[in-house]
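*Asks:* Okay, sequence plus prediction incoming.
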Amino acid sequence: MATKSICLYFQVHQPTRLRLYRFFDIGKDSHYYDDFANRTILRRVAQKCYLPANKIILDLINQNKGKFKVAYSISGSALEQFQRFAPEVIDSFRALAATGRVEFLAETYYHSLASLGSESEFRHQVAKHAAKIEELFGTAPVTFRNTELIYSNGIGEMVYSMGYKTILTEGARHIMGWQSPNFVYTGATQPRLKVLLRNYGLSDDIAFRFTQNHVTADQYVGWLKDNAKDGDIVNLFMDYETFGEHQSAESGIFDFLRALPDAVIKDGTFGFVTPAEAVKKHKPVSDIDVEDPISWADEERDVTAWLGNELQSEAFKKVYAMTEKLSIVGDPDLWEDFGHLQESDHFYYMCTKFFSDGEVHKYFNPYDTPYEAFINYMNVVSDF
C-alpha cells in the first residue's frame, strides 16, 4: 500500500450575476438578476465542463475499483442554478455520490465573505449549505472549505465550534516559511482542528499552466514525487472549471484527467485519499499560525482581491451593516437576496489590481471597469 497520499479537491461555483441596474430603477424594480446570462453561462459550462468531467471521474472511480477518490465543494449558488437550468448536472453528481468514493465538503452557501463580515451570518450559511448537501446527495459534510480557501486562526476556531474537525486552506509562502505544505497541520489556537494546505505550485501547473506546459500524466507523477520527497501528502486543489472551460478540451486537459489516476496507481508511490481520509491516515507534524486571513487568490494570497480598495470596502460594509435589520424583518425573500448580494464575485469585479493578476481578474469580469461594477452593485444595494 502506498504510504504517501494525493488529495484531489475541486471547487464548483457559479455566481448569480446581477443585471444592469440603473439609478432610475431604484425603488421601482427589485428583480436584480441577469437570468439570461446566468442560464446561458451555466448551460455552456455544464456542457463544456461539468457533464463531461463528471462522466470521466465516474468512469475512473469504477475502473480503478475504489482506488481513485476525489472531493467537491459546490456552492449553494451553483446548486440552485443547476436545479433551475441544468438538473442533469445534479443527477451526475448524485451518481458520483453513490460510488462512496467522493466526499462533499461544507462551505458558505452563497460563496460569501461572511467569515470576515458577520459571525452569525457565517454560521447560518454553513448550516444552510450542509443541509442542502445532505438533501441532494444523502451525505452530511464533515470537512470544511471556506470561500476561496480563506482562513485565519479565528475562522478556524469558528469552524471547529460548528463541528468540523478538518479545514482546507492555502499553503501560502509567507505563512509557511521553511515548512512544506505536504503535511497535515493543526490550528495554532485550536490544536484539535486539522489543516490541509494546498500545494499551489503543483495545483496551478494544472489549473493555469497546463496549456503552456503540455505535461503528460507520467511527467506529472514525476513532479509529484520530486516535490513530496520529504512529505506525506500532496493537496491538489483547483476550480473544477479548469476542465473544459478555463483549459479547453482541445488542450488535452480531459485526456490528462483520464490518464492521471492510472499513472499514479501504476507508479505506486501515492494513493488517492479524500480530505476526511487524509487526516485519519497522516498525523499532524506541527501547527500553522495565521493571524491575518489568507486565501488562494493572486500573488499575495490574502483577501485583497475582494477587500483591497475603497470601492470594495464601502460595498462590503454597506451590505453587512444590514444583517441586524434583516433579523428584525425576517422576510425569507429578503434573506435570499441578501445571500446572493454577499457572493464574493461581486467584490472581485471591483478589484483594481493589475500586473501579474490583472488578466485573471479580467477573464472573470463581466464589467468594463471596477467602477462600473461598484456603481451597479451599490444601486442594487440601495434598492434592497
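*Replies:* Okay, I see it. Keep in mind that what you see is a predicted model, and the values were worked out from it rather than measured. Residues are numbered from 1 along each chain as shown.

*Asks:* Can you tell me which helix or strand of this structure has the lowest average pLDDT?
*Replies:* helix 358-363 (a mean of 49; mean pLDDT, DSSP states H and E).

*Asks:* Name the next helix or strand following that helix along the chain.
*Replies:* helix 370-383 (DSSP states H and E).

*Asks:* in that following helix, what's buried?
*Replies:* Neighbour-count burial for helix 370-383, counted by 16 or more other CB atoms under 10 Å, picks out 370, 373, 374, 375, 376, 377, 378, 379, 380, 381, 383. Placement of C-beta: from N, CA and C, glycine included.

*Asks:* Now do the contacts for the spatially closest residue to the first one that is not a sequence neighbour.
*Replies:* Think residue 370. The spatially closest residue to residue 370, leaving aside those adjacent along the chain, is residue 350, at 4.6 Å (CB to CB, 6 or more residues apart in numbering). Shown in contact with residue 350 (CB atoms under 8 Å, 6 or more residues apart in numbering): 309, 311, 312, 315, 370, 373, 374, 377.

*Asks:* If we use 7 Å, what do you get?
*Replies:* 311, 312, 315, 370, 373, 374 (CB atoms under 7 Å, 6 or more residues apart in numbering).

*Asks:* mind giving me the domain split of this structure?
*Replies:* Domain assignment for the chain by automatic domain parsing gives 4-288, 306-383.

*Asks:* related to what we said a few turns ago, would you format the buried residues of helix 370-383 as a markdown table with pLDDT and distance to residue 279 included?
*Replies:* Shown next, in a markdown table, are those (pLDDT from 0 to 100; distance: CB to CB, whole Å):
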| residue | pLDDT | distance to residue 279 |
| --- | --- | --- |
| 370 | 92 | 39 |
| 373 | 95 | 39 |
| 374 | 96 | 41 |
| 375 | 97 | 45 |
| 376 | 97 | 42 |
| 377 | 97 | 38 |
| 378 | 97 | 42 |
| 379 | 97 | 45 |
| 380 | 97 | 41 |
| 381 | 96 | 40 |
| 383 | 94 | 45 |
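
*Asks:* Quick one: low-confidence residue ranges for the stretch 251-384 of the chain.
*Replies:* Residue ranges of the stretch 251-384 of the chain with pLDDT under 70: 354-364.

*Asks:* can you give me the helices for it?
*Replies:* With helices called from DSSP state H, counting those that start in this stretch, the stretch 251-384 of the chain shows them at 253-267, 275-281, 304-307, 310-320, 323-329, 332-341, 344-348, 358-363, 370-383.

*Asks:* out of those, deepest packed?
*Replies:* Across the helices of the stretch 251-384 of the chain, averaging neighbours per residue (mean count of other CB atoms under 10 Å) puts helix 344-348 on top, at a mean of 24.

*Asks:* helices and strands around it, which ones?
*Replies:* Helix 344-348 is packed against helix 304-307, helix 310-320, with contacts defined by 3 or more CB pairs under 7 Å, 6 or more residues apart in numbering; DSSP states H and E.

*Asks:* Now distance to residue 220 too, for those, in a markdown table please.
*Replies:* A markdown table is the format used below for the helices and strands packed on helix 344-348 (distance: least, CB to CB, whole Å):
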| stretch | distance to residue 220 |
| --- | --- |
| helix 304-307 | 28 |
| helix 310-320 | 36 |
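
*Asks:* Mind putting the domains of the chain into JSON lines with distance to residue 300?
*Replies:* Converted to JSON lines, the domains of the chain look like this (distance: least, CB to CB, whole Å):
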{"stretch": "domain 4-288", "distance to residue 300": "8"}
{"stretch": "domain 306-383", "distance to residue 300": "9"}
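
*Asks:* Out of those domains, which is the most enclosed?
*Replies:* By mean count of other CB under 10 Å, the domains of the chain have domain 4-288 as the most buried, with a mean of 19.

*Asks:* from the chain's centre, how far out does that one sit?
*Replies:* Its chain's C-alpha centre and that of domain 4-288 lie 5 Å apart, by CA atoms, centre = their mean, to the nearest Å.

*Asks:* Farthest pair within the contacts of residue 350?
*Replies:* The most widely separated members of the contacts of residue 350, counting by CB to CB, are 315 and 370 (10.7 Å).

*Asks:* show me where this protein has strands.
*Replies:* 4-12, 70-74, 102-104, 143-145, 166-170, 184-187, 194-198, 233-239, 270-273, 286-288 (DSSP state E).

*Asks:* rewinding a little: tell me which of the domains of the chain approaches residue 298 most closely.
*Replies:* Using CB to CB, the nearest of the domains of the chain to residue 298 is domain 306-383, at 4.4 Å.

*Asks:* Quick one: end-to-end distance for the closest one.
*Replies:* Using CA to CA, to the nearest Å, one end of domain 306-383 lies 22 Å from the other.

*Asks:* what do you get for stretch 43-50?
*Replies:* Termini of stretch 43-50 sit 10 Å apart (CA to CA).

*Asks:* Surely residue 239 is in contact with residue 207?
*Replies:* Yes. With contacts counted by CB atoms under 7 Å, residue 239 reaches residue 207, the gap being 6.4 Å.

*Asks:* Could you tell me which residues touch both of these two?
*Replies:* What both residue 239 and residue 207 touch, as defined by CB under 7 Å, 6+ apart, is the set residue 246.

*Asks:* so residue 12 touches residue 70, yeah?
*Replies:* No. Using CB under 7 Å as the test, residue 12 is too far from residue 70 to be in contact (11.5 Å).

*Asks:* Next, format the strands of the chain as JSON lines and append distance to residue 252.
*Replies:* Formatted as JSON lines, the strands of the chain follow (distance: least, CB to CB, whole Å):
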{"stretch": "strand 4-12", "distance to residue 252": "18"}
{"stretch": "strand 70-74", "distance to residue 252": "20"}
{"stretch": "strand 102-104", "distance to residue 252": "24"}
{"stretch": "strand 143-145", "distance to residue 252": "28"}
{"stretch": "strand 166-170", "distance to residue 252": "27"}
{"stretch": "strand 184-187", "distance to residue 252": "33"}
{"stretch": "strand 194-198", "distance to residue 252": "24"}
{"stretch": "strand 233-239", "distance to residue 252": "16"}
{"stretch": "strand 270-273", "distance to residue 252": "22"}
{"stretch": "strand 286-288", "distance to residue 252": "36"}
